[in-house]
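Participant: Build the 3D model from these lines:
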Amino acid sequence: MQAYRSIHLASQPARFQGLCRVPSSKSLSHRALILAALAASASGEQCIVRNPLQSDDVEITLNALQTMGYEAHTTNTTDGGYDIIFSGKRLSVQATPEEPVRVYVHHSGTSARLLSAVAALQPFAVQIDGSPRMRERPMQELLTPLRELGAEIQHTNGLLPLTITKPMTHGGRVRVNAEKSSQFLSALLLAAPMLEGSTEIIVEGEIASKSYSDMTIAQLREAGVDVHENAAGYVIAGSQRIKQRVWDVEGDYSAASYPIAGAVIAGGSVTIPNLTQRSLQGDSAMLDIVRECGATVTWFENAINAHAINAPSLSGVTIERKPDQPIFAINRDMNTCPDIVPTVAVLALFANDRSRLLNVAHLRYKESDRIHAIISNIEAMGGCAFMDGDALIIEPRLAALHGAHIQTFDDHRIAMCFALAGLRVSGIQIENPACVAKSYPDFWRDFEALTQQ
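Facilitator: This next block holds a predicted model:
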């Protein structure tokens with residue numbers, strides 16, 4: 001698919017139903033790769049990440065780790081996926097402050113933040129840069145505690161590009177403000193066990209998207225790393241050993257939000273066979289949301305990941321709404337599940353009353369200004385959406401909705417969520433559909449399969 005080509009959803013499909021295996025979790029994949037690289041390097045033993053997401057963002061993180069000397073290779077699996085194996089060897093890297101190792105993160109905020117902390121552990125200079133949009137996204141809230149822990153960092157106004165010329169080596173007491181992104185906290189949590197001496201992280205303000213930092217803590221604890229939580233924040237002992245050697249990555253609830261919402265919007269039935277019922281992912285709230293909207297959610301057991309030795313049991317889920325059933329309005333705090341806000345906003349267009357999505361103001365700092373992207377595209381369709389403080393309000397005006405050219409702002413989630421509007425509104429045209437490769441490269445194939453006549 002060529003970049004900046006558009007997809008025109010000319011007419012409403014006759015149905016939206018079928019089986020849809022979603023990609024592996026992007027968030028879990030990023031963190032598993034970093035933990036596996038650090039564990040392999042420290043132990044000299046092989047570490048494996050099984051079934052990570054195959055996407056642009058995760059490839060960026062893997063390439064960056066390899067560039068920083070963590071030897072790794074991929075191997076295909078019998079079910080069409082792949083594993084990433086870190087050998088335990090560190091390759092020699094020659095770099096100076098004048099000629100640093102160069103890491104390019106494109107649009108990936110997760111890569112930028114988490115890899116900055118990894119780069120601050122390296123005994124050589126590392127430069128991190130990204131796309132024009134990534135150069136606008138906040139970094140200062142992470143750079144300050146990294147410098148307080150001993151790293152020397154060259155940057156302009158707390159933004160990319162940045163160059164880390166001296167690593168941090170000792171723990172200490174630092175403060176982090178995570179009101180714009182929990183990734184600042186996650187980055188510190190991942191790096192702290194590698195330092196000498198304990199690190200105390202004092203958290204200032206409310207943590208945006210706290211489910212993601214909770215996910216990081218859970219993954220660290222599963223890997224044998226002690227993370228102590230107190231009233232002020234977290235304490236991580238230094239020189240800890242990451243004991244885990246194999247990471248299995250479950251299906252992605254952010255990606256699953258599209259077929260889940262599609263079944264509700266269109267009045268259909270979709271089965272997703274690779275989600276876990278008790279997931280670390282905050283976006284698993286999507287199932288609670290569609291239940292509140294009136295959909296039926298049914299779980300079942302399966303053995304989809306049988307290729308993975310000693311892998312945790314996965315389960316699948318079916319989401320169904322009959323076409324004659326109403327879609328009830330949504331009133332929910334979205335702070336712990338920010339990546340599904342665009343999906344839920346489009347779903348709310350077809351509800352029977354006004355919906356309120358609370359605690360969403362920090363979405364202005366994502367791959368695009370998602371608040372602007374959501375509101376402007378809903379208005380282009382003839383709908384009504386606006387901000388009231390930190391809440392996004394969606395007024396359902398189904399009779400007024402019409403086809404429109406959807407601006408994606410090169411944001412994968414905007415492209416995918418507004419494709420769902422085409423299930424009920426003819427003439428939706430999606431700009432730059434190729435941007436979905438960031439997290440869900442096969443989205444258009446799966447969307448087409450579910451909407452086949």
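Participant: Please count neighbours and contacts with C-alpha atoms only from this point.
Facilitator: Noted.
Participant: Tell me where the model's unsure across the stretch 351-453 of the chain.
Facilitator: 453 (pLDDT under 70).
Participant: Could you pull out the helices in it for me?
Facilitator: Counting by DSSP state H, counting those that start in this stretch, the stretch 351-453 of the chain has helices at residues 370-380, 412-421, 443-450.
Participant: Out of the ones you listed, which one sits most buried?
Facilitator: helix 412-421 (a mean of 25; mean count of other CA atoms under 10 Å).
Participant: roughly how far is it from the heart of the chain?
Facilitator: Counting by CA atoms, centre = their mean, to the nearest Å, helix 412-421 is centred 15 Å from the centre of its parent chain.
Participant: all strands in the stretch 201-350 of the chain, in order from the N-terminus.
Facilitator: 227-229, 233-236, 246-248, 269-275, 296-301, 315-320, 331-333 (DSSP state E, counting those that start in this stretch).
Participant: Now render the ones you listed as CSV, adding mean neighbour count and mean pLDDT.
Facilitator: Formatted as CSV, the strands of the stretch 201-350 of the chain follow (neighbours: other CA atoms under 10 Å; pLDDT from 0 to 100):
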stretch, mean neighbour count, mean pLDDT
strand 227-229, 14, 98
strand 233-236, 20, 98
strand 246-248, 22, 96
strand 269-275, 23, 94
strand 296-301, 14, 92
strand 315-320, 21, 91
strand 331-333, 14, 97
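Participant: what's the closest of the ones you listed to residue 191?
Facilitator: Nearest to residue 191 among these is strand 233-236 (9.8 Å), distances taken as CA to CA.
Participant: circling back: save the helices of the stretch 351-453 of the chain as CSV, and put in distance to residue 206 too.
Facilitator: Formatted as CSV, these follow (distance: least, CA to CA, whole Å):
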stretch, distance to residue 206
helix 370-380, 20
helix 412-421, 24
helix 443-450, 34
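Participant: wait, which of those helices is closest to residue 397?
Facilitator: Once these are compared by CA to CA, helix 370-380 is nearest, at 10.4 Å.
Participant: Centre of the chain to stretch 216-223, how far?
Facilitator: Counting by CA atoms, centre = their mean, stretch 216-223 comes out at 17 Å from the chain centroid.
Participant: try stretch 412-427
Facilitator: With CA atoms, centre = their mean as the basis, stretch 412-427 stands 20 Å off its chain's centre.
Participant: cool, stretch 422-435 as well?
Facilitator: That offset, for stretch 422-435, works out to 22 Å (CA atoms, centre = their mean).
Participant: Other residues contacting it?
Facilitator: 1-13, 16, 262, 265-266, 401-408, 410-412, 415, 418-419, 421 (CA atoms under 8 Å, 6 or more residues apart in numbering).
Participant: for stretch 12-22, which positions count as buried?
Facilitator: 12, 13, 15, 16, 17, 18, 20, 21, 22 (16 or more other CA atoms under 10 Å).
Participant: Going by distance to residue 374, which of those wins?
Facilitator: residue 12 (21.2 Å).
Participant: mind giving me the domain ranges of the protein?
Facilitator: 7-24+250-450, 26-248 (automatic domain parsing).
Participant: Residue 70 is nearest to which of the helices of the stretch 351-453 of the chain?
Facilitator: helix 412-421 (29.0 Å).
Participant: so where's the stretch 151-300 of the chain shaky on pLDDT?
Facilitator: Ranges of the stretch 151-300 of the chain meeting pLDDT under 70: none found.
Participant: mind running it again at 90?
Facilitator: 169, 208-209, 278, 280, 300 (pLDDT under 90).
Participant: Now do the helices in it.
Facilitator: So, for the stretch 151-300 of the chain - with DSSP H, counting those that start in this stretch - the helices run 183-191, 210-222, 253-266, 285-292.
Participant: quick one: the helices in the stretch 1-150 of the chain?
Facilitator: Counting by DSSP H, counting those that start in this stretch, the helices of the stretch 1-150 of the chain are 26-43, 56-67, 109-119, 140-148.
Participant: between those, which one is nearest to residue 321?
Facilitator: That would be helix 26-43 among the helices of the stretch 1-150 of the chain, by CA to CA, at 27.8 Å.
Participant: contacts for that closest one?
Facilitator: Under CA under 8 Å, 6+ apart, the answer for helix 26-43 is 45-49, 52-53, 57-58, 61-62, 65, 70, 86-90, 110-111, 118, 190, 212, 215-216, 219-220, 241-247, 249-250, 252, 439.
Participant: wait, doesn't residue 397 sit right on residue 381?
Facilitator: No - using CA atoms under 8 Å, residue 397 is not in contact with residue 381; the gap is 10.1 Å.
Participant: hmm, back to that, most tightly packed of the helices of the stretch 151-300 of the chain?
Facilitator: Scoring the helices of the stretch 151-300 of the chain by mean count of other CA under 10 Å, the most buried comes out as helix 253-266, with a mean of 27.
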